[in-house]
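J.: sequence first, predicted coordinates after that:
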Amino acid sequence: MDVKKDSPADRPQGEQGLYVGIDIGSSALHYAVLDAGRAVVNSPDPIMHFANPLGALTEAWQDLLARFGREAIRSTALTGSAAEIFPRVMQEAIYVYDSVAIPKGVEVVAPEARYVFHIGAKDAYFFSVGLSGQHQVIREWRTGTKCGGGSGMLVEKQCRRLFQGEVPSPQLEDPGTDDDPQHSGERLLEAIQMAWIEERD
């Protein structure tokens, strides 16, 4: 990503400063800048870190300093599976768990949303949110299963639960009908795994 150097006249002005949020996931780094009124000032393209989150964080921070200057940044918060350790070495940086950062972010960009699906490269989340007085609250939240298809399973199950009768159940193939007998055992294991996941949840 090219670092764009804006002139001081192009930088947002404001006595209350800017607030930076950085999400370092298992494959990419996302970051955004908000002003004191919770408006999104800047949201660049994500940076793929290729197992080098520190390098991606350095690139993002250099971009932020070039765009806005250090004196304009009031606070920085990090989230994501690869970010938990950074506040230990970054003075005054804050770490926020995914289960807090995701619904809070939705509250800013889509305050009317009531159901939230977050599909990451590693983890998937579902939230049901609502208002209690003037404050948004999480009514329930769930995470994906540990199998490889956990994200898809989470979306499918929650949609079927929320829209009963409108989402058809998947039709499983009979493991005994496979033309190749070498794969019949694999299909049987898939059917058993899906039944076990449904029973656990």
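T.: Sure, I can see it.
J.: what ranges does this structure have for its strands?
T.: 18-24, 28-35, 40-42, 47-48, 73-79, 94-95, 115-119, 124-132, 135-143 (DSSP state E).
J.: now render those strands as CSV, adding mean neighbour count and mean pLDDT.
T.: (Glycine included, C-beta is placed from N, CA and C.) As requested, these are exported to CSV (neighbours: other Cβ atoms under 10 Å; pLDDT from 0 to 100):
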stretch, mean neighbour count, mean pLDDT
strand 18-24, 22, 95
strand 28-35, 20, 95
strand 40-42, 16, 95
strand 47-48, 16, 94
strand 73-79, 18, 93
strand 94-95, 14, 92
strand 115-119, 16, 88
strand 124-132, 16, 88
strand 135-143, 13, 87
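J.: show me what contacts the nearest residue to Val109 once chain neighbours are set aside?
T.: Leaving aside its chain neighbours, Val109 sits nearest to Val40 (6.9 Å; criterion: Cβ to Cβ, 6 or more residues apart in numbering). Shown in contact with Val40 (Cβ atoms under 8 Å, 6 or more residues apart in numbering): 32-34, 108-109.
J.: of those residues, closest to Tyr19?
T.: Leu34 (4.8 Å; Cβ to Cβ).
J.: and the closest one, bridged to which residues?
T.: Tyr19, Val40 (DSSP bridges).
J.: for it, list the residues it contacts.
T.: By Cβ under 8 Å, 6+ apart, the neighbours of Leu34 are 18-19, 21, 40-41, 108.
J.: just Gly130 next, same as before
T.: By Cβ under 8 Å, 6+ apart, the neighbours of Gly130 are 114, 136-137, 139.
J.: a markdown table for the residues you listed, including distance to Ser128?
T.: Conversion of these to a markdown table gives the following (distance: Cβ to Cβ, whole Å):
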| residue | distance to Ser128 |
| --- | --- |
| Arg114 | 7 |
| Gln136 | 11 |
| Val137 | 10 |
| Arg139 | 4 |
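J.: pull the most distant pair out of those residues.
T.: Using Cβ to Cβ, the pair of those lying farthest apart is Arg114 and Val137, separated by 11.5 Å.
J.: common neighbours of those two, please.
T.: Counting by Cβ under 8 Å, 6+ apart, the shared contacts of Arg114 and Val137 are 129-130.
J.: please enumerate the helices of the protein.
T.: With DSSP state H, the ranges of helices along the chain come out as 53-68, 98-109, 150-162, 184-200.
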